[in-house]
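>>> Starting from these lines, generate the structure:
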Amino acid sequence: MTQHKVIAEDSLSAMDEISKVLGKDAVILKTRKVNGKIEILGSNNIEDIASSNAKKIIKQKANFSHLFSNHKLEQGIQNRKLNNVFEEKKQKDNEHLQNVNEANIKNLDSEYIDVNTFSKFTNKIENLLKNMIVSDIDYLSQSFDKSLTIDLLKKGFSKNIISEFQEKIVNKDNIDPELFFYHYLAKKLVMPYEEQISNSEVIFVNGPSGSGKTTLCSKIASYILDNKLVANDKHKVSIVNFAPKSSNHSELMNFGRLLNLNISSISSVEDIVKFIDINKGHKKLIIDVSQEVINTTSFIEYLEKITLNKNCSNLIALPASTNKNMIKSIMNFYKSSFPTIGLTKLDEANISAEELSILSELNCKIGILSGSRSIIGSIAFAKREVLAQYMKDMSI
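Numbers count the residues shown, from 1 in each chain. Below is the predicted model:
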């Protein structure tokens, strides 16, 4: 056999057939495409092989057959097959790698947590462990000061506050160390606010909604009228409702009628600045600041500036039921305006050791103790003895 023609779907299959029929030394004499299929004419005749090689050398290598002119047919076929195998293997490996990566990501999502979640979790654990002590009970019973520490922690006082006073408590002789702790803490918290009220020409009463600001304003006005002024000097005191025009201040109006005082209503920072300047040296102003005004940047800037004057006071109405996180937020908001705390609603709720501890840690000052059920004669100025006794009487 000298020549053999093959028609196949593709050139690779056709050449494979030529190799099987004519042998591995066969050459391609002619290749063409017929009706979408590949037709190849091959030969193993020595004359055809020589003639084909001579033609290949002369001819420009631009047609399909030059790809095989310098190589044995079988070698070319094997190379193509190997390349196909390598490509298939590479594709499978890539698919496998992608599946592994996706599986790993899913496993990471299920087995691990992100940094923010972990940070929140550790913060919660730290807060839970903050006031905990792990120790030998027998050892604690042998040391009076350690037993006192446990008792104070049980009441809710923080480790920071207890540690701050521990050395002073231990070194004092012939006194009740627990009572000494209460007096020391009370002394740090209490501010003599009665003198501040007498000296202040302007008293801003700030605080969150529902904190008892309006009631506290009326009580301060009542105290001033009863203790600092004579009957003919009522015109020297004025209560100001500092709130948007849409706000309802009927409660403050009712307190004004009860005290026989006029209530002024002001809605903008510019107007309150003018009002204060006009009445400077003539009237003592008690300003009930609404939550809507508190949230404006211009008012806070003005408050921080005006409270640099000793004749101006910033009183924060803080309900006794306020939790420690809210206390931190409120005091941080007013930290640059020299705030003094008026504890309100003490006839409705009790302030706990935990809240007193955070107030002390933040270096806050308590000036007024107040209830909410009575207006006239119901204000009390914070005193060390009263606050110390209050802490002593708190139940575990």
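>>> where's residue 261 relative to residue 219, distance?
Using C-beta to C-beta, to the nearest Å, residue 261 is found at 13 Å from residue 219. To be clear about C-beta, it is placed using only N, CA and C from the backbone, and glycine gets the same treatment.
>>> More neighbours: which of these two?
Between residue 261 and residue 219, residue 219 has the larger neighbour count (other C-beta atoms under 10 Å), namely 27 against 19.
>>> Just confirm residue 12 is within a strand.
No: assignment of residue 12 by DSSP: H, G, I helix; E, B strand; the rest coil gives helix, placing it outside any strand.
>>> ok, the residue lying closest to residue 285 once chain neighbours are set aside - contacts?
With C-beta to C-beta, 6 or more residues apart in numbering as the criterion, residue 285 has its nearest non-adjacent residue at 4.8 Å, and that residue is residue 202. Going by C-beta atoms under 8 Å, 6 or more residues apart in numbering, residue 202 touches 276, 284-285, 287, 306, 311-313.
>>> quick one, phi/psi of residue 202?
Here the main-chain torsion angles of residue 202 (degrees, to the nearest 10) amount to phi -130, psi 130.
>>> how much space between it and residue 232?
22 Å.
>>> Endpoints of stretch 259-275, how far apart?
End-to-end distance for stretch 259-275, by C-alpha to C-alpha, to the nearest Å: 22 Å.
>>> What strand or helix carries residue 238?
Here residue 238, judged by DSSP states H and E, is contained in strand 237-242.
>>> still on that earlier bit, what bridges to the residue nearest to residue 285?
Taking DSSP bridges, one obtains residue 285, residue 312 as the residues bridged to residue 202.
>>> Find me the pLDDT at it, would you?
pLDDT, residue 202: 95.
>>> Just checking: what are the partner strands of the strand holding residue 238?
For strand 237-242, the paired strands and their directions (DSSP bridges) are strand 263-266 (parallel), strand 284-289 (parallel).
>>> Report the rounded mean pLDDT for that strand.
92.
>>> now swap in stretch 22-33 and tell me
Stretch 22-33 shows an average pLDDT of 77 in the prediction.
>>> Would you mind confirming that residue 346 makes contact with residue 369?
Yes: applying C-beta atoms under 8 Å as the test, residue 346 and residue 369 come out as touching, 5.8 Å apart.
>>> of the two, who's got more company?
residue 369 (23 against 18).
>>> Give the helix, strand or coil label for the more buried one.
strand.
>>> what about it, distance to residue 183?
Residue 369 is 17 Å from residue 183, by C-beta to C-beta.
>>> Equivalent analysis for residue 226, please.
Distance from residue 226 to residue 183, by C-beta to C-beta: 30 Å.
>>> Could I get the buried residue list for stretch 335-348?
Across stretch 335-348, burial judged by 16 or more other C-beta atoms under 10 Å covers 337, 339-346.
>>> Between the residues you listed, which sits nearest residue 37?
residue 337 (92.5 Å; C-beta to C-beta).
>>> how near is that closest one to residue 294?
11 Å.
>>> Report the set of residues contacting both of the two.
residue 300.
>>> could you give me the average pLDDT of the host helix or strand of residue 330?
Assigned by DSSP H and E, residue 330 belongs to helix 324-333. The average pLDDT for helix 324-333 rounds to 92.
>>> from the chain's centre, how far out does that helix sit?
Relative to the centre of its chain, helix 324-333 is centred 15 Å away, using C-alpha atoms, centre = their mean, to the nearest Å.
>>> Just the strands from this protein, written as ranges.
Using DSSP state E, the strands of the chain run over residues 3-8, 27-34, 37-43, 202-206, 237-242, 263-266, 284-289, 312-319, 339-344, 366-370, 379-381.
>>> Only alpha carbons, please: show the fifth one as PDB.
Once non-C-alpha atoms are left out, strand 237-242 reads as follows in PDB (Å, rounded to 0.1, in the frame of the first residue of the first chain):
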ATOM      1  CA  VAL A 237     -36.000  85.700  89.900                       C
ATOM      2  CA  SER A 238     -37.100  84.400  86.500                       C
ATOM      3  CA  ILE A 239     -37.700  81.000  85.100                       C
ATOM      4  CA  VAL A 240     -37.000  80.500  81.400                       C
ATOM      5  CA  ASN A 241     -38.300  77.800  79.200                       C
ATOM      6  CA  PHE A 242     -35.600  77.300  76.600                       C
END
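>>> can you list contacts of it?
217-218, 221, 224-225, 229, 247, 249, 252, 255-256, 261-267, 272, 275, 279, 283-290, 293.
>>> quick one: low-confidence ranges for the stretch 151-300 of the chain?
By pLDDT under 70, the weakly predicted segments of the stretch 151-300 of the chain are 167-174, 231.
>>> What ranges does it have for its helices?
Taking DSSP state H, counting those that start in this stretch as the criterion, the stretch 151-300 of the chain carries its helices at 159-171, 177-189, 193-199, 213-227, 250-259, 269-279, 291-294, 297-306.
>>> possible to save the ones you listed as JSON lines with distance to residue 330?
Formatted as JSON lines, those follow (distance: least, C-beta to C-beta, whole Å):
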{"stretch": "helix 159-171", "distance to residue 330": "19"}
{"stretch": "helix 177-189", "distance to residue 330": "16"}
{"stretch": "helix 193-199", "distance to residue 330": "18"}
{"stretch": "helix 213-227", "distance to residue 330": "12"}
{"stretch": "helix 250-259", "distance to residue 330": "22"}
{"stretch": "helix 269-279", "distance to residue 330": "21"}
{"stretch": "helix 291-294", "distance to residue 330": "10"}
{"stretch": "helix 297-306", "distance to residue 330": "13"}
